[in-house]
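Peer 1: need a structure here:
(one chain, ligands or ions: 1)
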Amino acid sequence: MGEKELKKRPPKWSLETSCSTVQYCLFEENPSYQLLTSFSAINLACCIMAHIDAGKTTTTERMLYYSGYIRALGDVDDGDTVTDFMAQERERGITIQSAAVTFDWKDYRINLIDTPGHVDFTVEVERCLRVLDGAVAVFDASAGVEAQTLTVWRQADKHQIPRICFLNKMDKNRASFAYSVESIKQKLKTKPLLLQLPVGEAKTFRGLVDVVTKEQIIWKPTSDLDDGKNFERKLLLETDDPNLFQEVQDARNTLIEQVADLDDEFAELVLGEHSENFDSIPADKLQSAIRRITLAQKAVPVLCGSALKNKGVQPLLDAITLYLPAPNERSYEFLERMSRLLLPFADQQIEIPSLMPGNIALTVGLKQSATGDTIVSSKASAVAAARRAGRDTGEKKRSVSGVDSLLLAGVEIPEPVFFCTIEPPSVARQQDLDNALSCLQREDPSLKVKPDPDTGQTILCGMGELHIEIIHDRIKREYGIETYLGPLQIAYRETILNTAQATDILDRTVGDKRHFVTAEVEVRPRLAEEGRTKPIINYAESVSEVLPKELQGPIENGISNSCIQGPLLGFPVQDIHVTVQSLTVHPDTSHTMVSACVSRCVQKALKKAGIQILEPLMNLEITVSEDHLSATLADLAQRRGNIQEIQSRQDNRVVVAAVPLAEMMGYSTVLRSLTSGSATFTLELASYQALSSQEQSALLQRRMGLV
Ligand SMILES: Nc1nc2c(ncn2[C@@H]2O[C@H](COP(=O)(O)OP(=O)(O)OP(=O)(O)O)[C@@H](O)[C@H]2O)c(=O)[nH]1
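Peer 2: Residues are numbered from 1 along each chain as shown. Now for the predicted structure:
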């Protein structure tokens, strides 16, 4: 966040520091916010992640309420929650940007990030997961695992984040605990540990039973308020409900067996003194074993509730403190010259003097840093961390010299699939627009901005229609610039069909220096199509034997640059090998000239090799009711859609298909009118596929303005 942006917001906190305790005081403008207490608690840093609309923001809002940090409950549908504070979030009822909040629960301080569920903002989830210690995966209990759940689950796997599952919306008509658990098992390929059973389902949902302690938790509205604060927790007796009692007994035995299978220490306990009577196993021993299993990511605890109906959130908070990890005892030294350190509470911040492990903080004034960077105390610790990152990810040892040593494993950014031109209202405002775009890019690395080499116009590349729409809107609201967007276009790719060679000579005299280079290269299609835009570079033996080391960088830069814009339509070239077959360089020649000559030579070879245009192919998942299924399928057939599967999800059907992105422009409007607004869909990049020769020539004609 820029200093400018911070200044725009009036400070709502004041700070008093006394010895090691920091007291946060007053929220003058919004008296519904409560005081935060002190830093004495154990810190936990986790995020809430899920498919769009599973209820992340609603759950976060309840957490803030029960922990006492807000006095009134906000509602996503009324646009007044704490974490959805951007105007666009409040208007659309969706989360766009991750928002961090800090609150205390019992003896713990929980630093929590509410992340977006829409596929266009997946990078937001990625950038949170890489720095957090744990995550709560929220599910809509009437839908189970949905398309984007799989994506965020894979991201959490990649960053090895211990997780808890929360089956939300248990109050919904088609909510099913058993169905959701089964879909977690099948689709996420993980072992669910059922720590709770619901009492009632859908309309009758009124509470839960803690399987570990065998306590029944029933929410009881008071006469004037049903805010979920009032609930009764007591041991479930057989006389209360014999069927439920038996169910819980069976669930606890299954849980004990599962845990004993996964944890040797617990297995010893079970097989030893408690082998005859599982009932005698103390709850805290079972909890400790579940915690070890969760941290080792051998299984995931599953809880349930209804955030909207204010049920199940307090036990979820307990589970976060019981089962998710606290940061270990590493000491983080922040020795960079930071002008200010701030603790966030959604869109408010409070300045703090120092930071403890496990906290989330903001800083200002790091002009060169962007999302995905890691801040370390010294060059030496950067080198050590880079080595560790290389080892941990199983990658080849990274270069840890010079600037490279400061670059740690960053956020993995998917390539943008859409682009369009963006223009300021007048030439005089171009500079303001450039500044706004560069600020937005530092915050959001999935946004790419580049000049059009032919027209000089600014091109905006994004993850989806909604992403670009939101950026457009933010430029207007936050930077006061009314911009004009060109038509949305597809980011195609180019590849080659054949092997080809080319030679090039560069002979230029600048001042009294003669720059002279000759190059000969071969380009070859890569057999394994991986969608990689980085070419694989080889050297003929005769070249590698004599090549001075310092020329390797300029040569490889030249080759990579020539692949950024393919020769046919200027899209990135993917899946190629480039071999440098011969190279002569006059001693006075600058490295820039070497790069330029190699680059030109590769471009010539690419042209000769025959260019194939590739289009983005998307994985599409539509959830639609039976009544609207045939209309949806008929429409998909006209969009070159390839239907792969039609699954049943409760009363709905889920259509899984692969569809070219070019056919999906404005699809949300079409689907809404086809299904009277009842269907939902997600779209995610699957791969790039070759256009047929007719499609390719039609595209070329369109791009040249001939049709
Ligand atoms: N019936 C029911 N509706 C819920 C529940 N929790 C949330 N909702 C509703 O589901 C919709 C989405 O809720 P959000 O909290 O915005 O979901 P989200 O996961 O944060 O959404 P994104 O961040 O945009 O992905 C809203 O209309 C909520 O009122 C619940 O427990 N039961």
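Peer 1: contacting residues around stretch 549-566?
Peer 2: Defining contact as C-beta atoms under 8 Å, 6 or more residues apart in numbering, one finds that stretch 549-566 is touched by 453, 493-494, 521, 533-535, 537, 547, 571-574, 576, 578, 580, 583, 585, 591-592, 594-600, 602-603, 606, 611. Every residue, glycine included, has its C-beta placed from N, CA and C.
Peer 1: residue in this structure nearest to the ligand?
Peer 2: Gly117 (2.6 Å; C-beta to the nearest ligand atom).
Peer 1: What subset of the contacts of stretch 549-566 is buried?
Peer 2: Using 16 or more other C-beta atoms under 10 Å as the burial test, the contacts of stretch 549-566 include 493-494, 521, 533, 535, 537, 571-574, 576, 578, 580, 583, 585, 594-600, 602-603, 606, 611 as buried.
Peer 1: Strands along the stretch 251-400 of the chain, start to end?
Peer 2: 300-304, 340-345, 348-351, 362-364 (DSSP state E, counting those that start in this stretch).
Peer 1: before we move on, back to that, wait, doesn't the residue of the chain closest to the ligand sit right on Thr57?
Peer 2: No - judged on C-beta atoms under 8 Å, Gly117 makes no contact with Thr57 at a distance of 9.2 Å.
Peer 1: list the residues that contact both of the two?
Peer 2: When contacts are counted by C-beta under 8 Å, 6+ apart, Gly117 and Thr57 have Thr95 as shared neighbours.
Peer 1: before we move on, the earlier item: give me the subset of the contacts of stretch 549-566 that lies in helices.
Peer 2: Judged by DSSP state H, the contacts of stretch 549-566 include 591-592, 594-600, 602-603, 606 as members of helices.
Peer 1: The closest residue to Val248 other than its chain neighbours: how many residues sit nearby?
Peer 2: Excluding its sequence neighbours, the residue lying closest to Val248 (C-beta to C-beta, 6 or more residues apart in numbering) is Val209, at 5.1 Å. By other C-beta atoms under 10 Å, the residues close to Val209 number 25.
Peer 1: The longest strand anywhere in the chain - which strands sit beside it in the sheet, and in what orientation?
Peer 2: For the chain, the strand with the greatest residue count under DSSP state E is strand 611-625. If you go by DSSP bridges, strand 611-625 pairs up with strand 493-496 (antiparallel), strand 652-660 (antiparallel), strand 680-690 (antiparallel).
Peer 1: The longest one: which residues count as buried?
Peer 2: Which is strand 680-690. For strand 680-690, using 16+ other C-beta under 10 Å, the buried residues are 680-685, 688.
Peer 1: Contacts made by that strand with the rest, please.
Peer 2: Against strand 680-690 from outside (C-beta under 8 Å, 6+ apart): 51-53, 119, 146-148, 151, 414-415, 417, 464, 492-493, 495, 531, 574, 612-623, 658, 660-661, 664, 667-668, 671.
Peer 1: Show me which of these are buried.
Peer 2: The neighbour count (16+ other C-beta under 10 Å) marks 51-53, 119, 146-148, 151, 415, 417, 464, 492-493, 495, 574, 612-623, 658, 660-661, 664, 667, 671 as buried among the contacts of strand 680-690.
Peer 1: and those near the ligand, which?
Peer 2: Near the ligand, taking C-beta under 6 Å from any ligand atom as the test, the members of these found are 52-53.
Peer 1: Arrange the strands paired with strand 611-625 in TSV, one row each, with mean pLDDT and distance to Asp627 as further columns.
Peer 2: Putting these into TSV (pLDDT from 0 to 100; distance: least, C-beta to C-beta, whole Å) gives the following:
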stretch	mean pLDDT	distance to Asp627
strand 493-496	94	39
strand 652-660	93	10
strand 680-690	87	15
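Peer 1: how about the helix of greatest length in the chain: buried residues?
Peer 2: For the chain, the helix with the greatest residue count under DSSP H is helix 242-262. The neighbour-count check on helix 242-262 (16+ other C-beta under 10 Å) flags 244-245, 248-249, 251-252, 255-256, 258-260, 262 as buried.
Peer 1: avg pLDDT for it?
Peer 2: Helix 242-262 comes out with an average pLDDT of 94.
Peer 1: Packing partners of it?
Peer 2: Under the contact criterion of 3 or more C-beta pairs under 8 Å, 6 or more residues apart in numbering; DSSP states H and E, helix 242-262 touches strand 192-194, strand 196-199, helix 264-271, helix 283-295.
Peer 1: Name the stretch among those that sits most buried.
Peer 2: Mean neighbour count (mean count of other C-beta atoms under 10 Å) peaks for strand 196-199 among those, with a mean of 22.
Peer 1: The helix or strand just after it pairs with which strands, and in what direction?
Peer 2: Following strand 196-199 in sequence order, the next helix or strand is strand 207-210 (DSSP states H and E). Here strand 207-210 is paired, per DSSP bridges, with strand 196-199 (antiparallel), strand 215-219 (antiparallel).
Peer 1: Apart from its chain neighbours, what residue comes closest to Ala99?
Peer 2: Nearest residue to Ala99 in three dimensions, chain neighbours excluded: Thr83, at 3.9 Å (C-beta to C-beta, 6+ apart).
Peer 1: if you go through the stretch 401-550 of the chain in chain order, where are the strands?
Peer 2: Assigned strands in the stretch 401-550 of the chain, in chain order: 418-423, 448-451, 458-462, 484-485, 489-490, 493-496, 500-510, 513-525, 536-539 (criterion: DSSP E, counting those that start in this stretch).
Peer 1: Give me the neighbour count for Arg477.
Peer 2: Summarising burial for Arg477: neighbours were counted as other C-beta under 10 Å, giving 12.
Peer 1: And for Cys47?
Peer 2: By the measure other C-beta under 10 Å, the count of residues near Cys47 is 28.
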